[in-house]
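Chemist: Here is my input; please provide its structure:
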Amino acid sequence: MKKIRRLVFLLLIVFVAINLSACNNAETNNEPFTVTFVDYNGNILKEIECDGTSVCEITEPDVDLPDIEGRYFTRWSVWPSDFAEIDEDTTIKPIYTLDNRLVTVFGRSIYFYSFFIMTGIFVALGIGLRETKRIGLKKDDLIDGFLWIVPIAILGARLWYVVFELDQFIGGGFFPSLLRILGFSSGTLDFSSFGLSGLAIHGAFVVAVICAIFYTRKRKIDIFKVLDIVAVGFIIAQAFGRWGNFFNQEAHGGIVGGAVGNVMNLSIQEQFNYLRYTIHIPEFIVNNMYITRGLHSVAVEPFTGYYHPTFFYESTLNILGFAIMLVLRRYKKIHFGELLSFYLIWYGGVRIFIESMRTDPLVFELFGMTLKSATVTSTLMILGGIALSIFIRIKRKGMDYSTAEKPWF
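Modeler: Below you'll find the model as predicted:
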């Protein structure tokens, strides 16, 4: 017992000694140092020489940093409140938002928005092709359906958005309005202004399901097997697609911390710290959630500050739902079509949660009430998912994944 007490006492002494040593090492450096502010290209904007013994007055350079190819300045790499803690040579750099262009070729830009949507679509196709054999479908049937259903589904996503934002597209006559609907924002056949920046996933899903019904009847394929593949593909494609919204700084939530009247409840730094250190959002995401007032409209961005990355919340929840669906298909008692039921219920719930934070929802008037399109549609999805599962369990007994081969992963 005495030996144990001595050992504990010795360990305590070592622990205290280490901490005292750390405290000594943490003492203020009394050596001279330089604080340098640089611009995006590394050019020196301001240098401050500090002697290391007296209080050093560090202030930001009195310059307006220009936008760089659509990217704008958000903050310095060191917050002003932390200037007093600097005690060594430090270079302070400007932090900019991210470029929403993936690449520019011959003056024509390809945007991350399009890239992530197409990536999601082809990932969904790849997963679907791996799934066809194990559930008794032909790859050619899936590819043929993909080639004509996907373009129509994208058109459905566009028209769904247009219906609820009609004022943005109508004006100047029939043909200019039609061109805006098709993606020519200028209302003319100017391909430099072309881009489908407004899409609604609910429209794509509804149109895809309708097309799948007609396609499977023509090919005499089990519709429920196909819809399970569609559901798994949709949820992972949505997870990818939301990153396009991130680069466009759109489809975001409200200002972090909220606001009372025209005053934000948190300072800019407190907003950043909440996203970065309280809920641990990666820093590159947080930096791009700094949005200037009225970037899209004052109603959407009433303040300059950090907004909730609802795209990230939704993408993460979609990936979680995708993982659950991959597990569910391993259970032999799960019936064909119930992955679609799960998707309807899961994504319906996720979207209702996300819509509660969005500042740019699609809305419509009904009986004098202003309703959110996505919330209403998602509620119907949940009810439809429950009804579909009940129907399958009653009417399709024995049509389950016990007849399928072992999953490929």
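Chemist: Show me what the helix or strand residue 118 falls within is packed up against.
Modeler: Per DSSP states H and E: residue 118 is located in helix 112-132. Using 3 or more Cβ pairs under 8 Å, 6 or more residues apart in numbering; DSSP states H and E as the contact test, the elements touching helix 112-132 are strand 101-105, helix 139-164, helix 223-247. Yep, even glycine has a C-beta here, placed from its N, CA and C like the rest.
Chemist: Let's see that with 10 Å instead.
Modeler: strand 101-105, helix 139-164, helix 223-247, helix 310-328 (3 or more Cβ pairs under 10 Å, 6 or more residues apart in numbering; DSSP states H and E).
Chemist: Any idea which of those gets closest to residue 170?
Modeler: helix 139-164 (9.3 Å; Cβ to Cβ).
Chemist: ok, then the element right after the closest one?
Modeler: Taking DSSP H and E, what comes next after helix 139-164 is helix 174-182.
Chemist: Could you name the helices and strands sitting against that next one?
Modeler: Using 3+ Cβ pairs under 10 Å, 6+ apart, helix 174-182 sits against helix 139-164.
Chemist: what about residue 63, distance to residue 290?
Modeler: 19 Å (Cβ to Cβ, to the nearest Å).
Chemist: again but with residue 387, I slipped
Modeler: In terms of Cβ to Cβ, residue 387 sits 44 Å off from residue 290.
Chemist: so residue 288 touches residue 97, yeah?
Modeler: Yes. Using Cβ atoms under 10 Å, residue 288 is in contact with residue 97, at 5.3 Å.
Chemist: Need the overlap of contacts for those two.
Modeler: Common contacts of residue 288 and residue 97 (Cβ atoms under 10 Å, 6 or more residues apart in numbering): 71, 74, 247, 249.
Chemist: Same list, those, but as CSV with secondary structure and distance to residue 279 please.
Modeler: Below are the shared contacts of residue 288 and residue 97 laid out as CSV (DSSP: H, G, I helix; E, B strand; the rest coil; distance: Cβ to Cβ, whole Å):
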residue, secondary structure, distance to residue 279
71, strand, 25
74, strand, 19
247, helix, 21
249, coil, 19
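Chemist: State the pair within those that is farthest apart.
Modeler: The span of the shared contacts of residue 288 and residue 97, defined through Cβ to Cβ, is set by 74 and 247 at 14.9 Å.
Chemist: count of residues packed around the closest residue to residue 336 other than its chain neighbours?
Modeler: Excluding the flanking residues, the one nearest residue 336 by Cβ to Cβ, 6 or more residues apart in numbering is residue 224, at 4.3 Å. When neighbours are defined as other Cβ atoms under 10 Å, residue 224 has 20 of them.
Chemist: and what of residue 234?
Modeler: There are 26 residues near residue 234, going by other Cβ under 10 Å.
Chemist: so what's it up against?
Modeler: 120-121, 124, 153, 201, 204-205, 208-209, 227, 241, 318, 322, 340, 343, 347.
Chemist: just those now: which is nearest residue 378?
Modeler: For the contacts of residue 234, the nearest to residue 378 is residue 347 (7.4 Å; Cβ to Cβ).
Chemist: Pull the number of nearby residues for that closest one.
Modeler: With other Cβ under 10 Å as criterion, residue 347 counts 26.
Chemist: Verify the contact between it and residue 339 for me.
Modeler: No. Residue 347 lies out of contact with residue 339 (Cβ under 10 Å); the separation is 11.9 Å.
Chemist: Which neighbours do the two have in common?
Modeler: By Cβ under 10 Å, 6+ apart, the residues touching both residue 347 and residue 339 are 231, 235.
Chemist: Need the CA coordinates for stretch 175-195. CSV is fine.
Modeler: The C-alpha coordinates for stretch 175-195 follow below in CSV (Å, rounded to 0.1, in the frame of the first residue of the first chain):
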residue,chain,number,x,y,z
PHE,A,175,-40.8,34.5,-76.7
PRO,A,176,-38.6,36.5,-74.1
SER,A,177,-40.7,34.9,-71.3
LEU,A,178,-40.3,31.4,-72.9
LEU,A,179,-36.5,31.9,-73.3
ARG,A,180,-36.2,32.9,-69.6
ILE,A,181,-38.1,29.7,-68.6
LEU,A,182,-35.7,27.7,-70.8
GLY,A,183,-32.7,29.2,-69.0
PHE,A,184,-31.8,32.3,-71.1
SER,A,185,-32.0,34.9,-68.3
SER,A,186,-31.6,37.8,-70.7
GLY,A,187,-34.7,36.8,-72.6
THR,A,188,-32.7,36.5,-75.8
LEU,A,189,-30.8,33.7,-77.5
ASP,A,190,-27.6,34.8,-75.7
PHE,A,191,-25.8,31.6,-74.6
SER,A,192,-23.6,33.6,-72.3
SER,A,193,-26.7,34.2,-70.1
PHE,A,194,-27.8,30.5,-70.3
GLY,A,195,-28.1,28.5,-67.1
